[in-house]
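Peer 1: Fold the stuff below for me.
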Amino acid sequence: MEIKNVITVDNLTTLSVSVKTQRVLIEDNDIETALGLPSRKAYTNSNDGRTELAAEVPEPYFSGIIAVWGEELAEK
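Peer 2: So this is what the prediction gives:
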């Protein structure tokens, strides 16, 4: 058995993204069982949002989001 975090990227636009994290138990027969409730956090394409995203979202998700956001910050 193994416990891991499953990350889902939702609603990815050039302005923002929502990231859902769910802890799951993977049993020997590859059956996944959710442990607790998922957590979800939104990040904006801003200086603060990019800083939080870099600190909290692992690769390859971080790079994928930044690829969509590009070099420019979203206009306010």
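Peer 1: dump the residue contacts of residue 69.
Peer 2: Contacts for residue 69 (Cβ atoms under 8 Å, 6 or more residues apart in numbering) come out as 14, 45, 50. All C-beta atoms are positioned from the backbone trio N, CA, C, and that covers glycine.
Peer 1: so how far is residue 14 from the residue nearest to residue 38 when sequence neighbours are not counted?
Peer 2: Spatial nearest neighbour of residue 38, excluding adjacent residues (Cβ to Cβ, 6 or more residues apart in numbering): residue 22 at 4.0 Å. Counting by Cβ to Cβ, to the nearest Å, the gap from residue 22 to residue 14 is 26 Å.
Peer 1: if you count what's nearby, which of the two comes out ahead?
Peer 2: Each of residue 22 and residue 14 has its neighbours counted (other Cβ atoms under 10 Å); residue 22 has more, 17 against 13.
Peer 1: Contacts only, for the more buried one.
Peer 2: Here residue 22 is in contact with 5-6, 8, 34, 38-39 (Cβ under 8 Å, 6+ apart).
Peer 1: Sort out for me which of these are in strands.
Peer 2: Within these, residues falling in strands by DSSP state E are 5-6, 8, 34, 39.
Peer 1: element containing the residue nearest to residue 38, please.
Peer 2: Counting by DSSP states H and E, the element that carries residue 22 is strand 16-26.
Peer 1: Can you check my assumption that residue 67 lies in a helix?
Peer 2: Yes: counting by DSSP: H, G, I helix; E, B strand; the rest coil, residue 67 falls inside a helix.
Peer 1: if we can go back for a sec, kindly indicate which of the ones in strands among the contacts of residue 22 lies nearest residue 26.
Peer 2: Nearest to residue 26, judged by Cβ to Cβ, of the ones in strands among the contacts of residue 22 is residue 6 at 9.6 Å.
Peer 1: Retrieve the pLDDT associated with the closest residue in space to the closest one that isn't next to it in sequence.
Peer 2: Distance criterion Cβ to Cβ, 6+ apart; nearest residue to residue 6, sequence neighbours excluded, is residue 22 at 4.9 Å. Residue 22 carries a pLDDT value of 96.
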